[in-house]
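Q: Sequence and predicted structure are below.
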Amino acid sequence: MSSERKSILCPNCRKLISSDEPSCPYCGLLRPGLHNTAGIIRNIFFAFNPVMTIIYINIAFYILALFLNPQGIFSGGSPFNFLSPSGQSLFLLGATGTVPVFEFHRFWTLISASFLHGGILHIAFNMMALYQLGPFILQIFGFHRFLSIYILSGIAGFAASLLFGVAFTIGASASICGLIGAFLYYGKSRGGYYGQAIYKQAVGWIIGLIVFGIIVSGINNWAHGGGLLSGIFFAFLMGYNEKKQETAGHKLLAYACILITAGILIWSVVYSLIYVIAPSMLS
C-alpha cells in the first residue's frame, strides 16, 4: 500500500505540489516542504503582529535591565535619565560601541543593542515611532523583508557609529531609521501623487531627526545616518510588493536574521542573570 502524499502550496509560487518534492516543478524552489515548515514556525512565534512582537521584546528587555540593577533606576539629571537602567545592566545585556566591541570583543552586540534603551522616554519615543511606521512598512514590503530591513539596518547603523568612535550606545532608533529609509525609497520609487506624498513625509521625518540630533545631546547621529542609508539600500536591493513579490531568498534571509537575533538575545539574558545571581559560575 502506497503512503499518502501530503499536498502543500509552494511557498514561492503558490502552486499546489507534494510536500516531499525535492524541488518545486513550477518555480524550482529547493525543498519546498522545508520552507512550508518554516512558515508554520513563523506563525507560532509571531502569532501577534510582528511589529507588536518587537515592541514587547523591547519592553521586556527594558524591564529586565532595570531589574538587574534596581539601585540605578532613579538616577537624577535629565528627564531622559528617569527610570534609567545602569550602564552595567546595559553592558551585560548587549550595549554596543567601541568599548564593548573592540575592548571586550562583544561583536554580537551590534544586534542586541537595538533592543535596549536608556530610559522611559527613550523607549517610549522609539516604540511609538515603531508602532506608527512599522505596520506600513510591513504592508508594503511583506513580513520577511520588513524583518530583514529592521534587523540589518540596526546592525549597519551601529557599525557606522563604531567607525566614528561612539564608545557606548543602545536603542532601536537605528533600526527605525532603516524603516524610514525604506519608506523614503518606496515613495520615490513609486512616484505619482501618492508616492510623492510619502516621499515628502519621509523627508520631513529625516529633517526632524537631524534637528533633534543637533539640539539634544547624547544622540547617536552616526547610527541614525547609517540606519537610514542602509534602509534605502536594502529596500532598493529587495524591492517591495507592488513591483516584486517576496522570494525564497527573502524568506531564508529573514529566518536567518530571526534565528541569529533570537540566539543572541537569549544568550544575553542567560549570561546577565548568571552574572548577577551566580557570578562564580562564570569564573
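A: On my side now, so go ahead.
Q: And the average pLDDT for the helix ranked longest in the chain is what?
A: Ranked by residue count under DSSP state H, the longest helix found in the chain is helix 248-277. The pLDDT scores in helix 248-277 average 93.
Q: buried ones in that helix?
A: 248, 250-251, 253-255, 257-258, 261, 264-265, 268-269, 272 (16 or more other C-beta atoms under 10 Å). Every residue, glycine included, has its C-beta placed from N, CA and C.
Q: same check, this time on stretch 121-135
A: Leu121, His122, Ile123, Phe125, Asn126, Met127, Ala129, Leu130, Leu133, Gly134.
Q: Thr53: which of the buried residues of helix 248-277 is nearest?
A: Ile258 (10.4 Å; C-beta to C-beta).
Q: got a pLDDT number for the residue lying closest to Thr98 once chain neighbours are set aside?
A: Leaving aside its chain neighbours, Thr98 sits nearest to Ala167 (5.1 Å; criterion: C-beta to C-beta, 6 or more residues apart in numbering). pLDDT recorded at Ala167 is 96.
Q: helix, strand or coil for Ala167?
A: Classification of Ala167 using DSSP: H, G, I helix; E, B strand; the rest coil returns coil.
Q: Contacts only, for it.
A: For Ala167, the contact set (C-beta atoms under 8 Å, 6 or more residues apart in numbering) comprises Gly97, Thr98, Val99.
Q: Show me this protein divided up by domain.
A: Segmentation of the chain into domains, based on automatic domain parsing, reads 1-45, 47-282.
Q: Please identify the deepest-packed of those.
A: Each of the domains of the chain was scored by mean neighbour count; the highest is domain 47-282, a mean of 19, by mean count of other C-beta atoms under 10 Å.
Q: any idea how far that domain is from the chain center?
A: 5 Å (C-alpha atoms, centre = their mean, to the nearest Å).
Q: Name the nearest residue to Met127, ignoring sequence neighbours.
A: According to C-beta to C-beta, 6+ apart, the nearest residue to Met127 is Ile55 (5.1 Å).
Q: Tell me the spacing between the one you found and Gly118.
A: Noted for Ile55: a distance of 17 Å to Gly118, by C-beta to C-beta, to the nearest Å.
Q: One more: Thr261?
A: Taken as C-beta to C-beta, the span from Thr261 to Gly118 is 20 Å.
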